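> From the sequence below, what's the structure:
(2 chains)
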Amino acid sequence: MKPTATKLFAAALACAGALAANASLAQAIKVAQVLELSGGGTTAGTMYRNGVKLAMNEINAAGGIMGRKVEVSEMDTQSQPAVAKAMTIKAIDDGVSAIFGPVFSGSILVSMTESQKASIPNFTGGEAANLTAQGNPFLFRSSFNQAMGMPKVANYLANDLKVKSVAVVFINNDFGKGGRDAIIKELGARNIKVAADISADPGQVDFSSTVLRAKQANADAVFAYLNEEESARLLRELRKQGYDKPIVGETTIMGAKVIELAGSAANGVRGHVGLTAEAPTASIQAFAQKFEKEFKTKSDHNGIKGYFSAYVYKAAVEKAKSTDGKAVAAALKNSCFSAKQFPGVLMDVCFDDKGDIDRESFLVEVKEGKQIVTATLPPLTKR
Amino acid sequence: MTLSKRHLALLALAIIALTVLPTMLKTYGLYLLTLWLVYIIAAFGLNLTVGYAGLKSLCHAGFMGIGAYTVAILMKAGVSFWLATPVAIVLCFAFGLLIGFPALRVQLHYLGFATLGFNLLLMLFFRNEEWLTGGTFGIQNIKRPELFGYSLMGNLPFYYVVLALTVIAGAALAYLLRSPWGRAFAALRDNPIRAESTGVNITAYTLMSFAIGAAYAGLAGALFAPLVNFIEPAPFGIGNSLLFLLMVVVGGSGRFYGPVLGSAIALLLPEYLRFAKDWYLAVFGFAVVVMMIWLPGGLLSIKETWQLHRAKRDVKSARPEAA
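Predicted coordinates for the structure are as follows:
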């Protein structure tokens, strides 16, 4: 049989197709971490970075995502929104398929407009309520929205501690301000009086006047909502001035890094956490051990957020069978991922249509320098 | 005095390069280049205050903040960018006059402290007056302007507008410095008492050097807001005021092109030191310290420093013969 031109052409096409498929098979998936590796957010950013790093190393060791290795680049936002935006643009220029970070709400709020323009999924550790309210279809949280965490804290204050008045101490940035607005609304709904409303500056070192005002308010408890370093300084000052009423917080103030920084001053702090390496779940325990072995420090919630983000990205790419941003985003919206099927996500989790997540959370208390889980709270909505 | 032919040719070459080069850059490179031009405008102003008039000002980022917030707030209220920018510049000029008054009474590091305090005050204002400035949430979605019905939303057109304004601002400053004003500023810096005795009105020139420097920062701020599309208090803090001072000093304070070089270094060096990972800020800081020891006059003084060094050596080697 004589090969016709058509057949030859078809054969060539098939060859070319196979080559192209091969090339894409060998080509790595590029992702970028745009995180606070210096400046005020170093603690949170580095934890998140390590989480993603640990997960991506595991994923690559196990053969990558759909047979493709993942190539991770790291960029430093210096904890400044303008730099975060610039670094996100740089990552997009480099042709990444997904962006992890920044963690600080103020930074992600600015940088996510760039990833949205480029249709690239952007995972964040930010908790400010207004992030997912912007209607960005490519933004995905790795932790609770403040608006979802605060009702749980308020319930705890009202039902478990039975307090009548609370002194609120918050950090004056968008994270703290957003949390303060949310908790005050929830406290009002439960008829708990806000005896004092005290703001602290980002990077504040001396908390003596802050604590003095909290003490003079003579409330039944203090609710503190600050970033890691400021939380630790507040706790030390509270103990120094002999504050003996309950200190309640949401996620950050009970974090492993805060406990490490505040030392014994952290004992007795309690409240609600969305994520904790002390959770009584086998998968999280296994993660916590791996993390500590790799980085010689305990993971806090930001470490889990990073690890979770990386594995959720893997699950979404495999579900979408593509690294195309729009397909990946569609695979995440209104979807649940069970820890059984996708061990890396650590806990069963559901994304809604806005990129907010829902899953179990915990009530914890710090005892002898360790976070002890006192109760596990169910997800807000059972699916 | 006119520019030498060589100087003019080099300047033309640089402007042509800055016109052609960006078409080959990706988004990030273009963003960085535009930011560089904005920093140059701000540093031009500070160079006038610090380098030519010799007043230690540590609130330049604050002035830039006034410019940026003015433009952002006015644009949100529906005012055109081309109207808001002059308002920002005039407002900064007025604030410059205001802060110039303490400069008449205190000098050197005392003035540094006074201006530092003013910057802190501005920061607190930006952060706490939420009704006006949006507080820590900042002001978002600041649109880029239109020019003659042509949208500058794209990165390249906006870059060209900033480039044109930088060249105009630079030319205006060059003109100012070559006028009797420029000489009066230098006299003020070198010996205020003698300057006064030769009839230079110290009060007026001190105020003017502050106000004009602030006006430049206002223009830079007015361009910064639409460039980043977002402003919040942090970029206008004391840290960045120090960074501006660094730009002027590293480049060569009191030298016209000092800010051009200085801002490039302050902006780009951290960029190229990223390979050093967590250490890059330390490396950057150390490099500046080393430079200040060997080249206190800034990078542009490298030629003179070298000539001085050679002259000293010649004198030393000549001495034994004389003896």
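> which stretches of the stretch 101-250 of chain A form helices?
A:105-117, A:146-155, A:174-189, A:208-216, A:228-240 (DSSP state H, counting those that start in this stretch).
> Relative to residue B:137, which of the ones you listed is closest?
helix A:174-189 (5.1 Å; Cβ to Cβ). Quick note: C-beta positions are derived from backbone N, CA and C, even for glycine.
> What helices and strands are in contact with the closest one?
Counting contacts by 3 or more Cβ pairs under 8 Å, 6 or more residues apart in numbering or on different chains; DSSP states H and E, helix A:174-189 is packed against helix A:105-117, helix A:146-155, strand A:165-171, strand A:193-200, strand A:221-225.
> Next, count neighbours for residue B:33.
20 (other Cβ atoms under 10 Å in any protein chain shown).
> okay, the helices and strands packed on helix A:174-189, which one's buried deepest?
The highest mean neighbour count among the helices and strands packed on helix A:174-189, using mean count of other Cβ atoms under 10 Å in any protein chain shown, belongs to strand A:221-225: a mean of 26.
> Now do that strand: which elements does it pack against?
Where contact means 3+ Cβ pairs under 8 Å, 6+ apart, strand A:221-225 is packed against strand A:165-171, helix A:174-189, helix A:228-240, strand A:247-250.
> can you put those in a markdown table and add mean pLDDT?
Shown next, in a markdown table, are the helices and strands packed on strand A:221-225 (pLDDT from 0 to 100):
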| stretch | mean pLDDT |
| --- | --- |
| strand A:165-171 | 95 |
| helix A:174-189 | 91 |
| helix A:228-240 | 94 |
| strand A:247-250 | 94 |
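> could you dump the helices of the stretch 101-250 of chain A to CSV with distance to residue A:161?
Below are those laid out as CSV (distance: least, Cβ to Cβ, whole Å):
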stretch, distance to residue A:161
helix A:105-117, 28
helix A:146-155, 10
helix A:174-189, 12
helix A:208-216, 16
helix A:228-240, 17
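> Of all the ones you listed, which one comes closest to residue A:340?
Using Cβ to Cβ, these put helix A:146-155 closest to residue A:340, at 23.8 Å.
> pull the CA atoms of that closest one into PDB?
Taking Å, rounded to 0.1, in the frame of the first residue of the first chain, the C-alpha atoms of helix A:146-155 are listed here in PDB:
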ATOM      1  CA  GLN A 146     -14.000  36.200  60.800                       C
ATOM      2  CA  ALA A 147     -17.800  36.500  60.300                       C
ATOM      3  CA  MET A 148     -18.000  32.800  60.800                       C
ATOM      4  CA  GLY A 149     -15.500  32.500  63.700                       C
ATOM      5  CA  MET A 150     -16.800  35.300  65.900                       C
ATOM      6  CA  PRO A 151     -20.300  33.900  66.500                       C
ATOM      7  CA  LYS A 152     -18.700  30.800  68.000                       C
ATOM      8  CA  VAL A 153     -16.500  32.900  70.300                       C
ATOM      9  CA  ALA A 154     -19.500  35.000  71.300                       C
ATOM     10  CA  ASN A 155     -21.500  31.800  72.100                       C
END
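> What's the separation between residue B:233 and chain A?
9 Å (Cβ to the nearest Cβ, to the nearest Å).
> Pull the contacting residues for that residue.
Neighbouring residues of residue B:233 by Cβ atoms under 8 Å, 6 or more residues apart in numbering or on different chains: B:65, B:123, B:126-127, B:133, B:136, B:138.
> now residue B:141
B:229-230 are the contacts of residue B:141 under Cβ under 8 Å, 6+ apart.
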